[in-house]
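S.K.: Sequence first, then the predicted structure:
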Amino acid sequence: MSKTAEQKLYSDKKLDTSVYKCPNCGGEAVFDATKQKMRCMYCDSLFDIETNEKVVEKDINELLSNAKVWKEAEVYQCKSCGAKEIISAQEVAHECAFCGTNNIVKIEEMAGLKPQGVVPFKVDDKHAEQVAQKWTRSKFYAPRSFKKSAKAENIKGVYNPVFTFDCDTRSTYEGRLGKNYTTYSHVNGKTVAHTHTNYFNVKGSHAMKFDDYLIQASSNITTDTLVKISPFSTNDAPKYTQDYLRGYAASTYNKDGQHCWKECQSWMKYDIEKQILKKYDYDVKDYLNINTTYINQTYKYLLVPVYVGHTTFKGKLYNFYVNGENGKITGKTPVSGWKVAFTVIGILAIIALIVAGIYILD
Ligand SMILES: [Zn+2]
Ligand SMILES: [Zn+2]
């Protein structure tokens with residue numbers, strides 16, 4: 001935003017208590033990612049953020065019964081793509097981070113749980129833009145005209161909601177696995193191979209500890225996308241204060257804590273089974289029954305920093321996502337049919353040459 005546009009917005013608007021006022025000039029201050037302080041948008045003064053306390057894990061039973069509600073947050077919704085966001089006062093007039101339209105209205109809805117902690121933005125939007133620009137140019141399969149003209153547009157810092165879970169697990173299991181072996185018979189001068197399986201029973205116990213298992217709580221960004229730009233330093237997250245959100249938007253969750261805990265358990269089950277199977281030399285799983293108890297379960301509800309932006313090509317939007325802490329990026333770009341076709345033809349040609357070579361050597 002240009003300085004004059006900022007000033008206009010400032011003079012147009014009555015400042016309310018939800019705004020951080022600069023003690024020097026009374027102007028509005030936002031969170032500065034590179035300085036990790038509050039910065040006045042008018043006189044550039046810097047101020048420390050009050051809390052430096054780290055977030056604490058909470059017992060899971062609290063999540064299931066009486067977690068704190070986020071009362072001071074107002075919820076806005078994009079009427080074009082449905083994204084629900086908490087937007088700090090100075091951002092209201094802006095475009096939706098996810099679809100680029102400015103069809104955003106305030107809705108009467110509770111924001112849900114109050115976040116316990118925030119992983120603050122560490123890189124600023126200019127850096128995120130540079131990362132995105134470099135990334136689009138490096139996309140091999142993108143059309144040349146796209147790589148030349150692509151511009152990273154509408155970059156917005158959005159705090160994304162996640163639940164993280166800690167827990168100890170104790171499992172007992174019993175099942176049947178099989179190991180293959182081969183025998184050969186000779187029929188009419190030809191050798192024929194036969195595969196057999198030796199089955200054996202397995203039984204035992206397995207203990208496993210999980211620390212800060214991250215579960216995405218909003219559908220605005222897919223789990224897959226979040227995994228691609230992870231990690232976030234959720235273990236060192238400071239306690240929530242509204243100041244970290246000033247100048248940014250925050251998505252509200254649409255998967256609640258219980259839903260996320262269930263999802264987390266199914267991921268943990270998958271990990272536990274994988275670890276148990278690793279103990280055995282086997283080829284086939286007949287069945288494996290696992291009984292797991294969960295102990296010392298705690299959770300954190302956190303906001304993690306993501307820059308969302310897009311590039312446009314032939315009238316279509318391609319979203320990209322940048323980790324606001326370490327600058328890792330992922331997203332979609334258009335694909336050139338020609339480049340893919342040539343690669344496929346190239347690979348087929350190599351295979352053909354190899355096969356031809358084998359025949360010649362035969
Ligand atoms: Zn000031
Ligand atoms: Zn939208």
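M.R.: Good, I have the coordinates. Numbering: from 1, shown residues only. Ligands and ions are numbered 1, 2, ... in the order given.

S.K.: For burial, what's the neighbour tally of Ile49?
M.R.: Per other C-beta atoms under 10 Å, the neighbour tally for Ile49 reads 16. (Each C-beta comes from the backbone N, C-alpha and C, glycine too.)

S.K.: Please report the distance of it from ligand 1.
M.R.: According to C-beta to the ion, to the nearest Å, Ile49 stands 16 Å off from ligand 1.

S.K.: residues contacting that residue?
M.R.: Ile49 sits next to 31, 36-38, 241, 243-244 when contact means C-beta atoms under 8 Å, 6 or more residues apart in numbering.

S.K.: how about the nearest residue to Asp48 once chain neighbours are set aside, what does it touch?
M.R.: Using C-beta to C-beta, 6 or more residues apart in numbering and skipping the chain neighbours, the partner closest in space to Asp48 is Lys37 (6.0 Å). Listed by C-beta under 8 Å, 6+ apart, the contact partners of Lys37 are 31, 46-49.

S.K.: Tell me where this structure has strands.
M.R.: Assignment of strands within the chain using DSSP state E yields the ranges 29-32, 37-40, 46-47, 58-59, 75-78, 84-87, 104-107, 117-118, 153-187, 190-216, 249-251, 284-313, 316-323, 329-331.

S.K.: Could you identify which of these is most buried?
M.R.: Comparing the strands of the chain by mean neighbour count (mean count of other C-beta atoms under 10 Å), strand 117-118 ranks first with a mean of 25.

S.K.: That one: how far from the chain's middle?
M.R.: Strand 117-118 sits 15 Å away from the centroid of its parent chain (C-alpha atoms, centre = their mean, to the nearest Å).

S.K.: quick revisit: same list, the contacts of Ile49, but as TSV with distance to Arg176 and pLDDT please.
M.R.: As requested, the contacts of Ile49 are exported to TSV (distance: C-beta to C-beta, whole Å; pLDDT from 0 to 100):
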residue	distance to Arg176	pLDDT
Phe31	57	92
Gln36	56	93
Lys37	61	93
Met38	62	93
Thr241	55	88
Asp243	58	88
Tyr244	53	91
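
S.K.: Gly117: which of the contacts of Lys37 is nearest?
M.R.: Nearest to Gly117 among those: Ile49, at 13.1 Å, using C-beta to C-beta.

S.K.: Extract the residue ranges of this structure that are flagged as low pLDDT.
M.R.: 1-18, 52, 64-66, 88-94, 358-362 (pLDDT under 70).

S.K.: what's the offset of stretch 21-33 from the middle of its chain?
M.R.: 30 Å.

S.K.: Just the endpoints, please. Distance across that stretch?
M.R.: Start to finish, the residues bounding stretch 21-33 are 18 Å apart (C-alpha to C-alpha, to the nearest Å).

S.K.: tally of neighbours for the residue in the stretch 101-250 of the chain that ligand 1 sits nearest to?
M.R.: Closest approach between the stretch 101-250 of the chain and ligand 1, counting by C-beta to the ion: Arg246, at 13.5 Å. Arg246 has 23 neighbouring residues, counting by other C-beta under 10 Å.

S.K.: For it, which non-adjacent residue is closest in space?
M.R.: Once flanking residues are discounted, Arg246 sits nearest to Val30: 4.7 Å by C-beta to C-beta, 6+ apart.

S.K.: Flag every residue of the stretch 1-150 of the chain that's near ligand 2.
M.R.: 78, 80-81, 83, 96, 98-99 (C-beta under 5 Å from the ion).

S.K.: Can you list phi and psi of Glu188 for me?
M.R.: Quick fix: residue 188 is Asn, not Glu. Recorded main-chain torsions at Asn188 are phi 50, psi 40, according to degrees, to the nearest 10.

S.K.: just how off-centre is stretch 307-325 within its chain?
M.R.: That offset, for stretch 307-325, works out to 15 Å (C-alpha atoms, centre = their mean).

S.K.: how long is that stretch end to end?
M.R.: OK, stretch 307-325 end separation, C-alpha to C-alpha: 10 Å.

S.K.: How much space separates the closest residue to ligand 2 within the stretch 201-350 of the chain from Val69?
M.R.: Nearest to ligand 2 in the stretch 201-350 of the chain, going by C-beta to the ion, is Asn220, at a distance of 8.7 Å. As judged by C-beta to C-beta, to the nearest Å, Asn220 and Val69 stand 21 Å apart.

S.K.: Since that was my last question, I'll sign off now.
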